[in-house]
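Asks: I would like to see how this sequence folds:
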Amino acid sequence: MNFQMFYNFKRIFRINHYLKNLIILIPTIFLQNILDINSVIKLLLAFLSFSFISSAVYLYNDICDVDSDKMHPIKKFRPLASGIINKTQSYYIIIALILISLSTASLINIYSIIFIVFYFFLNIIYSLFFKKIPFIGDIFIALGFILRILIGYCIFYEDSSYDNHLIIYLILLTFFTVLFFTLCKRKLEIKFSNNNRYKSNFLFFYNKNFYNITITITRILSSLFYLIILFIIYKENLLKINNILLFISFIVFLLILSRYIKIIDNSVDDNISSLTYSDRRMLLYSFFILVVLLVYSLIKF
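Replies: Numbers count the residues shown, from 1 in each chain. Here you go, the predicted model:
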């Protein structure tokens, strides 16, 4: 496989977006048996299964948007819009990805299969009906991330070491955090549309002031539920090293939210993924919070 083939493969399957599926690991932060080999294998399978189904969803979304993507100054280089693959080939790839994803999920448990199927149809409904409806479409995206949390949780839900009350607040934290990022992305798309000749029809229905308000609200709520999780865990000694680490993760979390808003306000491009990956400070914050949470999960017991 030469470099061009690998590059096209990476673009078709959106491999750079697989990092989003690491959210599956969040429930394991509060487990005692994180290093159990069977648990690690199941987590890996869950990550792969969601990555395959995510690629299928991205490709189906490209099919739905191919005409508008061809007129977009950046999205016109996507594989389907640029002609690297056609719609027939795309449908074959989607079917193959669905089968591989379900086969992988079947190695975990029945709940994983249910969540994978529900995630796929949730995104089909989103692409066909709700994508262009302000705020409702953004909520659908956030729901997809909740399913990632649940598939990680259901690997361990029978484990007696898990505090099942936490899952409610983890879901709320995930929902409002993802909604915050999604609303910021939409705000960036509005600004890009206003500053360029490209005009997306559905963006005319979006109100910038409305998004500024909802971004602030979701930012506050995500921070609030992070704090609630801290209070639940801080039942014992506040000064324990693991609790201090968790508080540090909260501070970095706030820095990430602030940095993301700054990236949105200062950018002129609407490719938020490349903007985020190219921002050194954002990468540093993200890496640091991952390390802190990993260390916390390893030493808290």
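Asks: which residues of the stretch 201-301 of the chain fall in helices?
Replies: 208-233, 241-266, 272-277, 280-299 (DSSP state H, counting those that start in this stretch).
Asks: which one of these lies closest to residue 135?
Replies: Closest approach to residue 135 among those (Cβ to Cβ): helix 208-233, 7.0 Å. Every residue, glycine included, has its C-beta placed from N, CA and C.
Asks: and the helices of the stretch 201-301 of the chain as JSON lines, adding distance to residue 140?
Replies: Below are the helices of the stretch 201-301 of the chain laid out as JSON lines (distance: least, Cβ to Cβ, whole Å):
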{"stretch": "helix 208-233", "distance to residue 140": "15"}
{"stretch": "helix 241-266", "distance to residue 140": "20"}
{"stretch": "helix 272-277", "distance to residue 140": "18"}
{"stretch": "helix 280-299", "distance to residue 140": "24"}
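Asks: what's the neighbour count on the residue lying closest to residue 140 once chain neighbours are set aside?
Replies: The shortest distance from residue 140 to any non-neighbouring residue, by Cβ to Cβ, 6 or more residues apart in numbering, is to residue 126 (4.2 Å). Other residues near residue 126 come to 22 when the count uses other Cβ atoms under 10 Å.
Asks: and the nearest residue to residue 29 once chain neighbours are set aside, how close does it get to residue 174?
Replies: Once flanking residues are discounted, residue 29 sits nearest to residue 297: 4.6 Å by Cβ to Cβ, 6+ apart. Relative to residue 174, residue 297 is positioned 17 Å away (Cβ to Cβ, to the nearest Å).
Asks: ok, back up a step: for residue 120, which of the helices of the stretch 201-301 of the chain is the nearest?
Replies: Here helix 272-277 is closest among those (Cβ to Cβ), at 21.6 Å.
Asks: so for that closest one, what's the average pLDDT?
Replies: Averaged across helix 272-277, pLDDT comes to 67.
Asks: also stretch 68-80?
Replies: Here the average pLDDT along stretch 68-80 is 71.
Asks: quick one: residue 79 and residue 62 touch, right?
Replies: Yes: judged on Cβ atoms under 8 Å, residue 79 makes contact with residue 62 at a distance of 7.3 Å.
Asks: what does stretch 209-223 rub up against?
Replies: Residues outside stretch 209-223 that contact it (Cβ atoms under 8 Å, 6 or more residues apart in numbering): 134-135, 172-173, 176-177, 179-180, 183-184, 186-187, 190, 253-254, 257, 261.
Asks: those in helices, which ones?
Replies: 172-173, 176-177, 179-180, 183-184, 186-187, 190, 253-254, 257, 261 (DSSP state H).
Asks: buried ones only from those, please, as a ChimeraX command.
Replies: The ChimeraX command for the buried members of those (criterion: 16 or more other Cβ atoms under 10 Å) is given here:
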select :172,173,176,177,179,180,183,184,186,187,190,253,257,261
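Asks: need the worst-confidence member of the ones in helices among the contacts of stretch 209-223.
Replies: Minimum pLDDT across the ones in helices among the contacts of stretch 209-223 falls on residue 190, with 75.
Asks: and the longest helix along the chain, what does it pack against?
Replies: Assignment by DSSP H gives helix 37-71 as the longest helix of the chain. When contacts are defined as 3 or more Cβ pairs under 8 Å, 6 or more residues apart in numbering; DSSP states H and E, helix 37-71 packs onto helix 3-13, helix 79-82, helix 87-105, helix 110-125, helix 136-153.
Asks: ranking those helices by burial, who's on top?
Replies: Greatest average neighbour count among the helices and strands packed on helix 37-71 goes to helix 136-153 (a mean of 21), per mean count of other Cβ atoms under 10 Å.
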